[in-house]
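Enquirer: Fold the following.
(2 chains)
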Amino acid sequence: MHKCFSTFPVKKQAELAAANRKLIGETELVHARRAAEAASEAKSQFLSHMSHELRTPMNAIIGYTETLLAGYYGEIEPKSRGPLERIRINSRHLLDLVNKVLNLSVIEAGYLELNVEEYDMASVVASALATTATLAEARGLTIETEVVGPLPKGLGDRMRVAEVLINLLHNAVKFTDEGFIRLTVDLVDGNFRIRVLDSGRGIAPENILKIFKDFSKISLPDEMEAGAGLGLAIVDQIVKKHGGSISVQSEPGKGSCFTVLLPVRAVTLEAKAS
Amino acid sequence: MKRILVVEDTDDNLEILQLVLEREGYAVLQATDGLQGVAMAINEQPDLVLMDIRLPEIDGYEATRRIKADPRSAKIPIVAVTSYAISGDRKKCMDAGCDDYITKPYLPPDLVAMIRKHIG
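Expert: Below is the predicted model of the structure:
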């Protein structure tokens, strides 16, 4: 057989086969990616729709309750005020749960995108306190704050960082019947160290690991209500997305201390991968 | 008296908004679909528009784009008041040209504060 016929084509065949395999592989990859994108888009639309459907009736319930209580429909009979207040409290609680479930679903579906910008940690602390102060006062608690500064400008998602603080403070308020809540922020090795210390009920050792499990696997200790668990799962995801970490020390009956280490310059997962 | 155009198709929401806004001393104009909203923004020249997003005819995004594209109404501040409240929805509203965004359910004082920020 001619030399070219025996060696060259064999090599060429092998090349062709390899090219074919590559092409088929790529086509499969493209298909898989398209399918994943379609599924992701469907999920995103579903969540968006769900959010809308849940909020629309809640808007009417909360809107009418608030305006009734504010006297927009005339004076309220004293006997009716109590029940209306209960509707107000419960509807806000329901809204809080709806928000957290949707928020976490969005995060878990992979849509947590950080809006990275420079932020001033002291002002984030101030806005988180403003949001939490009313709840704390209602429970007869004050939140002591210490920002050990001057702190450098942070780089990360300002709103999400505030959400972390608000969730941690909310939980501290919810689970502290008397005593104190202390928020401390300082700088440790290029991280903002955020500590929320309370003199509340604390968490049993066997439950500490459970509280950060993601929502789908969540198995909450009896003493914790669902909202708190959802809040922590959200906190965990936000902190991780910034390249940080969260830990907790707690003793039942004495209190808890949640510590977040948040890189001053957010190290996003995408940046790490590339 | 400052005038606010409310573009909203749900009776409950309309009633609540009207009650809250009138109590604050604003005059309320109503449109119940996107096209009517655009026409009223141009013809009535309100001081501010509260824009629902899911609306009949054209949605709030498109209505906002049209109001902002017309030189007669481009300067009127538009606040999106919407139940679309997940990650990315705010950006969609701002990209369409809204000046601000508040989610339903809102607390009346928060809505009023947002309006005051734009028109006092």
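Enquirer: On the three-state scheme, A:Lys240 is what?
Expert: Here A:Lys240 is recorded as helix under DSSP: H, G, I helix; E, B strand; the rest coil.
Enquirer: for A:Leu155, same thing?
Expert: A:Leu155 is classified as strand under three-state DSSP.
Enquirer: Which strand residues bridge it?
Expert: On the basis of DSSP bridges, A:Leu155 is bridged to A:Glu118, A:Arg265.
Enquirer: is it true that it touches A:Glu117?
Expert: Yes: using C-beta atoms under 8 Å, A:Leu155 makes contact with A:Glu117 at a distance of 7.4 Å. The way it works is simple: take the backbone N, C-alpha and C, and place the C-beta from them, glycine included.
Enquirer: how about low-confidence regions in chain B?
Expert: The model of chain B has pLDDT under 70 over residues B:87.
Enquirer: which stretches of it form strands?
Expert: B:3-7, B:27-31, B:48-51, B:78-82, B:100-103 (DSSP state E).
Enquirer: Return the distance of the first one from the chain's centre.
Expert: Taking C-alpha atoms, centre = their mean, to the nearest Å, the mean C-alpha location of strand B:3-7 is offset from the chain mean by 6 Å.
Enquirer: Flag every residue of chain B that's near chain A.
Expert: B:10, B:12-13, B:16, B:19-20, B:23, B:54, B:83-89, B:103-108 (C-beta under 8 Å from any C-beta of the partner chain).
Enquirer: Please tell me how far the most centrally placed residue in chain B sits from B:Gly37.
Expert: Centroid-nearest residue in chain B, with C-alpha atoms, centre = their mean: B:Leu50, separated by 1.4 Å. Distance, B:Leu50 to B:Gly37, using C-beta to C-beta, to the nearest Å: 10 Å.
Enquirer: Identify the contacts common to these two.
Expert: Both B:Leu50 and B:Gly37 are contacted by B:Leu5, B:Val7, under the criterion C-beta atoms under 8 Å, 6 or more residues apart in numbering or on different chains.
Enquirer: the strands in the stretch 101-250 of chain A, which residues?
Expert: A:117-119, A:143-147, A:154-156, A:181-188, A:191-198, A:245-251 (DSSP state E, counting those that start in this stretch).
Enquirer: Nearest to B:Ala96, out of the ones you listed?
Expert: Closest to B:Ala96 of the strands of the stretch 101-250 of chain A is strand A:117-119 (C-beta to C-beta; 21.5 Å).
Enquirer: residues making contact with that closest one?
Expert: For strand A:117-119, using C-beta under 8 Å, 6+ apart, the contacting residues are A:Lys153, A:Gly154, A:Leu155, A:Gly156, A:Asp157, A:Arg158, A:Val161.
Enquirer: Only the buried subset of the residues you listed, as a PyMOL command please.
Expert: Buried residues among the contacts of strand A:117-119 (16 or more other C-beta atoms under 10 Å in any protein chain shown), as a PyMOL selection:
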select buried, chain A and resi 154+155+156+157+158+161
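Enquirer: Can you give me every residue that contacts A:Asp198?
Expert: Contacts of A:Asp198 (C-beta under 8 Å, 6+ apart): A:Ala172, A:Phe175, A:Thr176, A:Gly179, A:Phe180, A:Ile181, A:Arg182, A:Gly255, A:Ser256, A:Cys257.
Enquirer: Please repeat the previous calculation with a cut-off of 10 Å.
Expert: Counting by C-beta atoms under 10 Å, 6 or more residues apart in numbering or on different chains, A:Asp198 touches A:141, A:143, A:168-169, A:171-176, A:179-183, A:250, A:254-258.
Enquirer: among the residues you listed, which ones are buried?
Expert: Buried among the contacts of A:Asp198 (16+ other C-beta under 10 Å): A:141, A:143, A:168-169, A:171-176, A:181-183, A:250, A:255-258.
Enquirer: any chance you could map the helices in the chain?
Expert: Unless you meant another one, I'm taking chain A. Taking DSSP state H as the criterion, chain A carries its helices at A:3-6, A:8-69, A:78-106, A:121-138, A:158-174, A:205-208, A:226-241, A:269-273.
Enquirer: that's the wrong chain, I meant chain B
Expert: B:11-23, B:34-44, B:60-69, B:89-96, B:108-119.
Enquirer: Including distance to A:Ala136 and mean neighbour count, could these go into a markdown table?
Expert: Formatted as a markdown table, the helices of chain B follow (distance: least, C-beta to C-beta, whole Å; neighbours: other C-beta atoms under 10 Å in any protein chain shown):
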| stretch | distance to A:Ala136 | mean neighbour count |
| --- | --- | --- |
| helix B:11-23 | 28 | 18 |
| helix B:34-44 | 42 | 20 |
| helix B:60-69 | 37 | 22 |
| helix B:89-96 | 28 | 17 |
| helix B:108-119 | 19 | 15 |
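Enquirer: Any chance of TSV for those, columns distance to A:Ile24?
Expert: Shown next, in TSV, are these (distance: least, C-beta to C-beta, whole Å):
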stretch	distance to A:Ile24
helix B:11-23	54
helix B:34-44	48
helix B:60-69	42
helix B:89-96	39
helix B:108-119	56
